[in-house]
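**Q** Model the structure of this input:
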Amino acid sequence: DIDIIGFENVPNSGPVIFTGNHQNQFVDGALLFSTNQRKVRLLIAEASLKRAIVGTFAKLINCVPVKRRQDFAKSGQGLITQKTSNTIIGIGTNFLTSAQIGDQLLINGDDTTPTITKIISDTELIVDRLFENLPNEGKKYMLLPKVDQSSMFDTVCEILSNGDCIAIFPEGGSHDRTELLPLKAGVSIMALATVHKYNIPIHIVPCGLNYFSGHRFRSQVVLEYGLPIVLNPDDEVCKLYKTDKRKASNDLLQIIEKRMRAATINVPNYKTLKAVYTARKIYQPKHLNLAPDQNLELNRRIAEAYVTLKHEPKVADLSAQLIEYNEELQRYGLTDSQVAIEEPNLFILLLKIFYLIFLFFIALPGILINLPVALFARKQADKEAKKALAKSNVKVEARDVIASYKIIIALVLVPLNYLIFSLIIAFYFGILFGIIAFFLLPVFSYATIRITEKGLLLWRSSIPLLFSLFKSSYSAQYSELKRKREHLKILIRQLFEEYGPKMGDDWWKKRVVSSENLQTFEEANTRNKK
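**A** Predicted structure coming up:
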């Protein structure tokens, strides 16, 4: 399910740089390319062009290859530790022969990548900044060699000078964290160099790819095109570029990061992200349907409030209660929407069960046809995720890899699967029936997917009814969860009213859900219950 918002922020003509967060590997580029009203050339890692399927598609849509340091990484000899004054000390190292000025250092568990500015000896380096988490006893490290990207920059500048568009993911690599990684300076250098060389204005459009379980099949994503940054030749940052390229690039990069954060949801970890989503669902009145952009904005505002106010005792207590509530839901195999349903009705439950059985038998043939591919794709994607996690310094569970590999495998195996079934039908019933089957199987499979989705929704909505209607060991816990949810709703709305004005006019005066809406819908819900 793909929702696109902010199309009005994309200029109809002229050079544009689209900057996206990178949380779902090849899926991110595919979304920016396929949903954009402008023709976009994607920047892609040169190493990806060597892959059979991805490389073929990348060449077909004329992607621009980028050499990345991490693709040429090599293990360093010995261990490293650090001192103050930006000094790296080696233990059993050979910096004079293995390192060069301009190379970067990388260790597991730290996002910082210090750049070597001076090599003193085999055991001492000067770097531009220190690691944040380097233990005193030393740690193994990787060397990321400096690469020549001048031809790539020339290509990008030429594309932009012709009034065309490029898309780049300035975090530098795909990851599955819940907040932006530090941005690489390449995007700001591209923009400023083009304005300086060709004396033309450029738009930089931040793109927020906001996934909801993006590693799962048929999950939801909201793609937001944010407010553009307009660079004109007479802007201060463009004038500064003529005398101080580094400072101008860093200044522009900070502006780009701020706009990208405004188009994405940024929280420290998955538990907090789930708490944000749950808080939004509980806060939102039942039967009040919000548009995708309103849902996203409300999630983002709650996340912003948490990051800003997390040290406030009341906010910290609410966060702990939400996390505990989510853990209880997971323990009993429930979702918040299941707890939020109306009081149970035996007649409705029976209708749902009969309808569910009916849907199951309709979908069963399609499920059996596609099940081997689905199981194989999932298994292989999990394997690739484990490999990616072992190699990465920034991934948490490598969820960003899973969706891409499921799609890649499906692109090959699904047509092959249809062909095999069509040949079997042709063998037993004739060539004509085989040809018809080959063209009808995709339609049949899509119908199966939609029916299965409907069946899953019915099943999920039936679970709490079963809990409440039958005296099981879960009925008391289910009632307790409903009580906790009601308590959380009161608490969340109270804190909205108390802390909302402290978050600024944009946050509070332009509310997504007004206090009048809250009151109106709650009164309507109360009347419906009666």
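**Q** residue ranges with poor pLDDT in this structure?
**A** The chain contains residues with pLDDT under 70 at 342-346, 464-475, 520-530.
**Q** Go through the top strand by length along the chain and flag the buried ones.
**A** Longest strand in the chain by number of residues (criterion: DSSP state E): strand 202-212. Residues of strand 202-212 classed as buried: Ile202, His203, Ile204, Val205, Pro206, Cys207, Gly208, Leu209, Asn210, Tyr211 (neighbour count, 16 or more other CB atoms under 10 Å). Using the backbone N, CA and C atoms, a C-beta is placed for each residue, glycine as well.
**Q** Output the residues you listed as JSON lines; include the columns distance to Val396.
**A** Shown next, in JSON lines, are these (distance: CB to CB, whole Å):
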{"residue": "Ile202", "distance to Val396": "34"}
{"residue": "His203", "distance to Val396": "33"}
{"residue": "Ile204", "distance to Val396": "28"}
{"residue": "Val205", "distance to Val396": "28"}
{"residue": "Pro206", "distance to Val396": "23"}
{"residue": "Cys207", "distance to Val396": "22"}
{"residue": "Gly208", "distance to Val396": "19"}
{"residue": "Leu209", "distance to Val396": "17"}
{"residue": "Asn210", "distance to Val396": "17"}
{"residue": "Tyr211", "distance to Val396": "14"}
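**Q** And Ser514, how far from Arg280?
**A** 15 Å (CB to CB, to the nearest Å).
**Q** Pick out whichever of those two has more residues nearby.
**A** Arg280 (22 against 10; other CB atoms under 10 Å).
**Q** Who does the nearest residue to Pro114 once chain neighbours are set aside form a beta bridge with?
**A** Closest residue to Pro114 apart from its sequence neighbours, by CB to CB, 6 or more residues apart in numbering: Val127 at 3.7 Å. For Val127, the beta-bridge partners are Ile116 (DSSP bridges).
**Q** from now on call the first residue 46
**A** OK, 46 is where the count begins now, so the last one is Val172.
**Q** Verify the stated contact: Val172 with Thr160.
**A** Yes: taking CB atoms under 8 Å as the definition, Val172 is a contact partner of Thr160 at 6.3 Å.
**Q** who has more neighbours, these two?
**A** The neighbour comparison of Val172 against Thr160 (other CB under 10 Å) goes to Val172, with 20 against 14.
**Q** circling back: which single one of the buried residues of strand 247-257 is nearest to Val457?
**A** Nearest to Val457 among the buried residues of strand 247-257, counting by CB to CB, is Tyr256 at 23.9 Å.
**Q** residues in contact with the closest one?
**A** Going by CB atoms under 8 Å, 6 or more residues apart in numbering, Tyr256 touches Gln68, Asn69, Ser264, Gln265, Val266.
**Q** For those residues, which two are the farthest from each other?
**A** Gln68 and Gln265 (13.5 Å).
**Q** of the two, who's got more company?
**A** Taking neighbours as other CB under 10 Å, Gln68 and Gln265 compare with Gln68 leading, 26 against 15.
**Q** what sits against the more buried one?
**A** Listed by CB under 8 Å, 6+ apart, the contact set of Gln68 reads Ser219, His220, Asp221, Arg222, Leu254, Tyr256, Gly259, Asp445.
**Q** got a list of what Asn139 touches?
**A** Neighbours of Asn139 in contact, by CB under 8 Å, 6+ apart: Gln122, Gly123, Asp167.
**Q** Now do the closest residue to Val192 other than its chain neighbours: how many residues are near it, please.
**A** In space, and not counting its chain neighbours, Val192 is closest to Lys112: 4.4 Å by CB to CB, 6+ apart. Counted by other CB under 10 Å, the residues lying close to Lys112 total 14.
**Q** was I right about Lys112 contacting Ile89?
**A** No: with contact defined as CB under 8 Å, Lys112 and Ile89 do not form a contacting pair (11.1 Å).
**Q** What residues sit buried inside the helix or strand that Tyr463 is a member of?
**A** Assigned by DSSP states H and E, Tyr463 belongs to helix 444-474. Of all the residues in helix 444-474, those buried under the rule 16+ other CB under 10 Å are 444-455, 458-459, 462-463, 467, 470-471.
**Q** Before I go, just wanted to say thanks for your time.
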